[in-house]
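Asker: coords please:
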Amino acid sequence: MRLIDRLLGSSEEETPQPNIRFGRYSDSYKEIVNFENWDDALRKF
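Answerer: From the prediction side, this is the model:
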C-alpha cells in the first residue's frame, strides 16, 4: 500500500521519528569524573 500511496501522491503527512541514541545506557549518562577514575584505575593496574 505504501508504494501505491507514493505513486498516487498520498496527502498523508509522514510521522516524525524519535531521536534515538544507540549504545549502552550506563555509558551515556556517566559523569566525566567517572571516566577519569576508570582511566586512573587502569593506569594503576
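Asker: quick one, what contacts the residue nearest in space to the middle of the chain?
Answerer: The chain has residue 21 as the residue nearest its centroid, 0.8 Å off, counting by Cα atoms, centre = their mean. Neighbouring residues of residue 21 by Cβ atoms under 8 Å, 6 or more residues apart in numbering: residue 28. Heads up, the C-betas are built off the backbone N, CA and C, glycines and all.
Asker: Per-residue pLDDT of it, please?
Answerer: Looking at residue 21, its pLDDT reads 71.
Asker: Work out for me the element it sits within.
Answerer: When elements are assigned from DSSP states H and E, residue 21 belongs to no helix and no strand.
Asker: other SSEs contacting the helix or strand of the chain with the lowest mean pLDDT?
Answerer: For the chain, counting by mean pLDDT, DSSP states H and E, helix 25-28 ranks last in confidence among helices and strands (a mean of 71). Helices and strands touching helix 25-28, by 3 or more Cβ pairs under 8 Å, 6 or more residues apart in numbering; DSSP states H and E: there are none.
Asker: Send me it as CSV with only the CA atoms.
Answerer: Extracted in CSV, the C-alpha atoms of helix 25-28 (Å, rounded to 0.1, in the frame of the first residue of the first chain):
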residue,chain,number,x,y,z
TYR,A,25,22.7,3.2,28.8
SER,A,26,25.3,3.1,31.5
ASP,A,27,27.9,4.8,29.3
SER,A,28,25.6,7.5,28.1
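Asker: immediately after that helix, which helix or strand?
Answerer: For helix 25-28, the succeeding helix or strand toward the C-terminus, using DSSP H and E, is helix 32-44.
Asker: How far does that next one sit from its chain's centre?
Answerer: Between the centre of helix 32-44 and the centre of its chain there are 25 Å (Cα atoms, centre = their mean, to the nearest Å).
Asker: which residue sits farthest out from the middle of the protein?
Answerer: residue 8 (33.7 Å).
Asker: can you list the weak-confidence ranges in this protein?
Answerer: 1, 10-13 (pLDDT under 70).
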